[in-house]
Every structure is written in structure tokens, then in C-alpha cells.
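# can't give you the sequence, but here's the structure:
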Ligand SMILES: NC(=O)c1ccc[n+]([C@@H]2O[C@H](COP(=O)([O-])OP(=O)(O)OC[C@H]3O[C@@H](n4cnc5c(N)ncnc54)[C@H](O)[C@@H]3O)[C@@H](O)[C@H]2O)c1
Ligand SMILES: O=P(O)(O)OC[C@@H](O)[C@@H](O)[C@H](O)[C@H](O)CO
């Protein structure tokens, strides 16, 4: 079996590509980073370092190749050969690769290929593959849509493994360092044809519970660790979470979002509490060098209506639950500054020009006057 994987970055190489290759699947990486592609192609392998307590393991990933995703002439024929397409490019890039996917699907259909093809977006996003499907279908002519619907499975998933950016290592530029923990859960109801056997890929018919549990616990807490840590002058996630004040705040936020999840999905409160504790330990992993700016990246995405801060906050309103810490988390995120991050720049310009209330309306799509006033008051108090 062959798979085409878009995005040879941290998660692409350190998680999804590795699981696929470990399961005997030939993985073809497609990326816009020419340097990475050249190296992957010339080496035909790369190494993954897995770190944790009493663990310092280096594993080699073989049976791979790579192509520049801008090389359309080389890329499109691959769509007729593979049985699986995965992505780890970032939520904002899905709409950029959608036209290419549509072109590839059309080539496959034109060839009369009736083998099922499954596509899985592995992004931090609720139902990211369904979003990708909408984007791809928008580029398919009407007459191709019924066949695509019948033959192409768009499978939503939840992905969890902390993989910080690659440290510059001249001796081994492809090396990725990852934590031992990993979780990849797919919606088994959305596959076409036989579900491939991939070690480490778990199947469920209740994906939303897993996606929200992960995004609104780990990623909510991670974002707060980054934004509060940045405000306190920390550079690394570990330094930030080791500050007792940050840790207490992060835990309180995760408990508030947890109350929403427990109510919505009937999770066992004790098991959820253990899940939170385990996540706090993962943030403090002494073997990972993860910067608050990576975790806080793209704050407008993180502050959007369905993402890790606002959706849990909306959940507390829906169920009449406490939300003081979530409001403070949003106010803290609004203070995020990073000159290298265009979204952080846009956020600060808008805040400066229009003020906090207009910012909450525009980017978070909040409408509740009382809530907006309370967050604005906390924002100014933090200032
Ligand atoms: N790093 C983590 O800890 C982690 C964990 C779970 C989920 N995720 C999610 O995985 C996704 C990828 O994150 P990452 O940390 O690997 O990011 P990354 O920046 O390391 O990797 C993204 C890769 O996509 C490539 N890319 C960009 N535009 C492209 C295009 N048009 N075509 C092909 N490739 C393109 C980039 O060159 C880069 O190599 C994100 O959605 C992220 O939220 C990350
Ligand atoms: O990738 P983002 O920008 O959505 O979020 C940053 C981190 O919280 C995230 O990458 C985590 O490390 C990851 O989700 C762990 O599974």
C-alpha cells in the first residue's frame, strides 16, 4: 500500500509518516520546503528521537520518498497510485492544497480507477477533513461529484503528540524529536472500502467526543501556558508550566473546559481529572524543547469561534457553568505579541485601532454584551 502525505513537518515526519511507514506503507511526502524534500528524497529515510523518562530511543523511518507539492506534473499521477492521502500542513493550508487534491481526484476518476481512496487531515481542528472535503468539492465539476462521493472517503481524525520544531542539527537535519505519548483516532464511519490496518491508528464511531476532549483540554491548556507564559517573560513551555501560578491557572482553565466536556459527552469526572494531570506532566516534559511562540502561533485561529478558547467558553454559557478562568484565558490571549507572527501582528493592530470589544466581536465572533464587557475589563486589568 502507498500513501501520499502532505506536510513533512513536525507531525508529518514525527508522527503520521512514521506510523504509516512502521505499518509497511510506502510514504511519499509532499511539501513546499525544497530543502526537506531534497533531503528526504536523497536519503530515502530519516530518524525520529523518542524522549521521556528512562527513554532515549532513536528509530529510523524507511520506505519513504518525497516530492515538491508545487511539482504538479509529478504529483498528480501519484493520486492514481495511492490508497491513502494524509495531511499535516496546518488548518490554514488545507484550502491551499484543496485545488491540487481536486485535480488529483479528477485524474484518478478519468483513469477509470474505482479503488476506494481515503483522505485524512491530521490537523488541530474540529472535523478538519470535512472542512477539506468542502474545499475540494468546490473545485470539482458537478459531474464528478457523485463518483467522488462514492469512491473517496473523507475521514475526520484527532491527533495528539507533542512534536516541537526540529532543532538545527547539521549532522542530521531531518531528525525529529517527539514525546513517547501518541494518539491518532479516526472516524471509522467515514472510510470507503476496507479500513487500512495502521499500528497506532485507533478507530471510533464517536469521534467528536475525542476531538473535543483533546482540543479543549490539551490545546486549551497549552495555549494558556503559552499566552500567560509569554506575558510573564518565559520562552519555553516547560519554564512556564513550572511556574506554580501559571500551572494553577492552566489547570483551572482546563477544569472549566472539562466541566463542559463532562456535561456534553458524559465523561467520567475522575478519568477526566486524571487526563488533565497527565497533560500537565506532558507540558513539563524536561526532554522536549518547545517554545511558547510555537504553541501560541496564529492567535487569531486560536481565538476563533470554534477553537480551543471560545468554544469551551461558549459551552460554559450553554450549560450555565463557571467560566471566570476561561474569560481570563481569552483576555490573556489578546495580549499575545510576536513580531514574527502575522496573526499576532494583525491582532495587536486591530486592538490598537478598534479596541478590545470590537476585537472580540470580529475575531471571536462573540455577541453577548455582558461577556464582552467582562473580558474587556479583565483585559484592561491585566494591562
Ligand atoms: N507539532 C505538534 O505538536 C502537533 C501535534 C498535533 C497536531 N498538530 C497539528 O499538525 C499540523 C501540522 O503541524 P506541525 O507542527 O507539523 O507544523 P509544521 O510547520 O512543522 O509542518 C507543516 C508542514 O507543512 C508544509 N506546508 C506548508 N504549506 C504547504 C503546501 N501548500 N503543500 C505542502 N506542504 C505544505 C510546511 O512546509 C511544513 O513542512 C497542524 O495542524 C498542527 O496543529 C501539531
Ligand atoms: O498546532 P497548533 O498551533 O494548533 O497548537 C499548538 C500546540 O498546542 C499543538 O501543536 C500541540 O503540541 C499538539 O496539539 C499536541 O498534540
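Right, received. Where do you want to start? Since the structure is predicted, the reported quantities are computational estimates derived from the model, not experimental observations. Residues are numbered from 1 along each chain as shown. Ligands and ions are numbered 1, 2, ... in the order given.

# For the residue most central in space within the chain, give me its contacts.
Nearest to the mean C-alpha position of the chain, counting by Cα atoms, centre = their mean, stands residue 124 at 2.3 Å. The contact partners of residue 124, by Cβ atoms under 8 Å, 6 or more residues apart in numbering, come to 91, 159, 215, 219. Every C-beta, even on glycine, is put in place using the N, C-alpha and C of the backbone.

# who touches stretch 175-185?
10, 13-16, 19, 46-52, 55, 122, 157-164, 166-167, 169, 200-204, 207, 210-211, 214, 282, 285, 287-289.

# which SS state does residue 28 fall under?
Counting by DSSP: H, G, I helix; E, B strand; the rest coil, the backbone at residue 28 sits in strand.

# hmm, back to that, separation between the residue nearest to the centre of the chain and ligand 1?
In this view, residue 124 and ligand 1 are 3 Å apart by Cβ to the nearest ligand atom, to the nearest Å.

# same check, this time on residue 324
28 Å.

# how does this protein divide into domains?
The chain breaks down into these domains under automatic domain parsing: 2-204, 209-382.

# Get me the contact residues on the stretch 1-150 of the chain for ligand 2.
Within the stretch 1-150 of the chain, the residues that sit near ligand 2 (Cβ under 6 Å from any ligand atom) are residue 124.

# One more pass at 8 Å, please.
Within reach of ligand 2 by Cβ under 8 Å from any ligand atom, the stretch 1-150 of the chain has these residues: 10-11, 90-91, 123-125.

# I'd like those residues laid out as a markdown table, including pLDDT, distance to residue 295 and secondary structure.
What follows is those, written out as a markdown table (pLDDT from 0 to 100; distance: Cβ to Cβ, whole Å; DSSP: H, G, I helix; E, B strand; the rest coil):
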| residue | pLDDT | distance to residue 295 | secondary structure |
| --- | --- | --- | --- |
| 10 | 94 | 12 | helix |
| 11 | 97 | 14 | helix |
| 90 | 97 | 14 | coil |
| 91 | 96 | 15 | helix |
| 123 | 97 | 15 | coil |
| 124 | 95 | 11 | coil |
| 125 | 94 | 16 | coil |
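
# Of these, which is the nearest to ligand 2?
Within those, the smallest distance to ligand 2 is 3.4 Å, found for residue 124 (Cβ to the nearest ligand atom).

# thought residue 66 was touching residue 41?
Yes. The pair residue 66 / residue 41 is scored as a contact, 4.6 Å apart, by Cβ atoms under 8 Å.
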